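Enquirer: Build the 3D model from these lines:
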Amino acid sequence: MAHAAVCTILKLARPNRVGQGYRGFAPSVLMGPTGASLIRKSQPGCSPSLPAELWLRILRIATSVPDAVAPTADDIYTPRSGRPEQRENQPLRDSLVTKRYLVRVCRLWRALASRFLYEAVVIGRGHTIPSLRDTLVASKHATESMANEYRPLGWYTRRLDLSVRGQTHITTGPAHVELDYLAEIIRCLPNLAIFTVNVTTKQYPDTMPASVMQALAENCSTSLRVLHWPDCGSRVGRVLDPKPAEWRMLLTAASNLKAVRCSDMLYSSRGYENHHSIFPDLPGLTTLTLSNKVCKDYLGSPHSLPSLRHLRYHDCSSCIPHAWKGLLQLYGAHLAAVTLIFHHFGADVQGHLDLLAEFCPRLDKLLLCFRSWPRFPAHLRLPPITCLALMSAKPNSTNAECMALFASLSTIDVQDLQTVRVMHERDVAKLRSRNSKLLDIGLAQLRCRKFQLEDHAGTILMARKE
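Expert: Predicted coordinates for the structure are as follows:
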């Protein structure tokens, strides 16, 4: 659909004559004194042949990625392929490339497409931060002296991903200079709804500068809906963790949050003392992600999180499951979905499931994520649920590992289970295309089970038996 829409634009927007521009629209674009683009709030003027609203609709279709700038609370956290997170976000990155091509066609297209280009900003290289900061600050300053009908570019930004990787920093200063620029960027984004951090370079410090945290709290507190911080570190260790007091300050200010993925905040590895202030009330929070290391710090009153329906829990050690028992005692009665991610080979999977059976009477969906399929224990007793999702963190499973999935699945103890969904897109695709006989053997092991087996997209692999 996106390709067809772009082709439509190219066909309809051919020049009338040399010097007359493109037919169908006459967008209002204003260049500020520093060359920054300003976009008029009202729709650009248009000819009767093709209204500006239609152009904007075509550009929207050509560049949109479902749930990229307004995701549901769960979608942003749902693994689908087993690939690294950067590959999971490939559709968003491809869309940004398309947007960059569109704004480079001419000044007229730039006027229409700039709002889409800046809707989602992904910072993949540190050396690009200063130029992004210069563009957004210049656009903001240019509008301050203009009529109220013009919007700066940062006004359209709904999502900011800090995904810096590798040796990519500016050569004119240390890495912390980039983070100061990042704070200035955030102050240019009054409607920012999603902020994610996924940094894999040790050139940045362990802790996020206070200037960035303050910019989020002071400038984006009412608009923020999703905060996504690594909850168990990256492959290079802890990078840009918020300090406990500053994290609480941000949560207190951003009272409209819908989903939070919490950092471990260096409690155990860097010697910070636990922050024992009262947990702030987040009345709209529906999804909370944390690890066993910080459960106690999210214990508040039963009324702190009245809308919480999905709890995602990382078991990062071989400790007993009771690390999150207090959390389930507070909020378990309202939970409809739980995700359990097991990082340690000695995790007590059954112990976690027993706690869910005890404290979560309304639980309907359960997602279990293992390091690999052989870590999926046999003869598990599930709590009363109707939907079970399974995921392996290993990107490419062997045939033997895939068969371990079917072997364990054939032994689970279920009551009301109706659907089992295998979320690992690559493993299922490999079995379908190259090992269909092996898939048939695996499905044969489940012939006595009454649940329906599906892939990540809901396509039926084995129909439910009545």
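Enquirer: any weak-confidence spans in this structure?
Expert: 1-50, 52, 65-89, 146-149, 166-175, 231-237, 264-278, 317-320, 466 (pLDDT under 70).
Enquirer: That one: helices as residue ranges?
Expert: 2-12, 52-63, 85-88, 90-103, 107-117, 129-144, 175-186, 210-219, 244-253, 325-331, 349-359, 399-409, 425-434, 436-444 (DSSP state H).
Enquirer: Other residues contacting the last one?
Expert: Here helix 436-444 makes contact (Cβ atoms under 8 Å, 6 or more residues apart in numbering) with 399, 402, 403, 405, 406, 431, 432, 453, 461, 462. In this view, the C-beta of every residue, glycine as well, is placed from N, C-alpha and C.
Enquirer: Return the distance of it from the chain's centre.
Expert: Taking Cα atoms, centre = their mean, to the nearest Å, one finds helix 436-444 lying 34 Å from the centre of the chain it belongs to.
Enquirer: Can you point out the buried residues in it?
Expert: Going by neighbour count (16 or more other Cβ atoms under 10 Å), the buried part of helix 436-444 is 438, 439, 442.
Enquirer: what angle separates that helix from helix 399-409?
Expert: Counting by axes from the mean of the first three to the mean of the last three Cα atoms, to 10 degrees, helix 436-444 points 20 degrees away from the direction of helix 399-409.
Enquirer: next one: the fifth one
Expert: Orientation check (the same axes, to 10 degrees): helix 107-117 against helix 399-409 gives 50 degrees.
Enquirer: Determine which of the helices of the chain approaches residue 200 most closely.
Expert: Closest to residue 200 of the helices of the chain, according to Cβ to Cβ: helix 85-88, at 9.0 Å.
Enquirer: about what we covered before: let me have the buried residues of helix 436-444 in a markdown table, adding distance to residue 329 as columns.
Expert: Listed next are the buried residues of helix 436-444 as a markdown table, based on distance: Cβ to Cβ, whole Å:
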| residue | distance to residue 329 |
| --- | --- |
| 438 | 44 |
| 439 | 42 |
| 442 | 39 |
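Enquirer: now, among those residues, which is nearest to residue 328?
Expert: Taking Cβ to Cβ as the measure, residue 328 lies nearest residue 442 of the buried residues of helix 436-444, at 33.4 Å.
Enquirer: tell me the strands in the stretch 151-300 of the chain, going along the chain?
Expert: For the stretch 151-300 of the chain, applying DSSP state E, counting those that start in this stretch gives strands covering 159-162, 194-197, 226-228, 259-261, 287-291.
Enquirer: Tell me which strands the fourth one pairs with, and in which orientation.
Expert: Read that as strand 259-261. strand 226-228 (parallel), strand 287-291 (parallel) (DSSP bridges).
Enquirer: PyMOL command for the buried members of the contacts of helix 436-444?
Expert: The following PyMOL line selects those of the contacts of helix 436-444 that are buried, judged by 16+ other Cβ under 10 Å:
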select buried, resi 402+403+405+406+431+453+461+462
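Enquirer: which one of the contacts of helix 436-444 sits closest to residue 339?
Expert: The shortest gap between residue 339 and any of those belongs to residue 405, at 17.7 Å (Cβ to Cβ).
Enquirer: For that closest one, which non-adjacent residue is closest in space?
Expert: In this structure, residue 405 finds its nearest non-sequential neighbour in residue 373, 4.3 Å apart by Cβ to Cβ, 6 or more residues apart in numbering.
Enquirer: can you tell me how far that neighbour sits from residue 403?
Expert: Residue 373 is 8 Å from residue 403, where distance means Cβ to Cβ, to the nearest Å.
Enquirer: List just the nearest of the contacts of helix 436-444 to residue 418.
Expert: residue 453 (10.9 Å).
Enquirer: which residues does the closest residue to residue 132 other than its chain neighbours contact?
Expert: Spatial nearest neighbour of residue 132, chain neighbours left out: residue 185 (6.0 Å); criterion: Cβ to Cβ, 6+ apart. Residues near residue 185 by Cβ under 8 Å, 6+ apart: 129, 132, 133, 136, 154, 160.
Enquirer: could I get these as TSV with neighbour count?
Expert: As requested, these are exported to TSV (neighbours: other Cβ atoms under 10 Å):
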residue	neighbour count
129	23
132	19
133	20
136	24
154	25
160	23
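Enquirer: Quickly name whichever of those is closest to residue 196.
Expert: For these, the nearest to residue 196 is residue 160 (7.5 Å; Cβ to Cβ).
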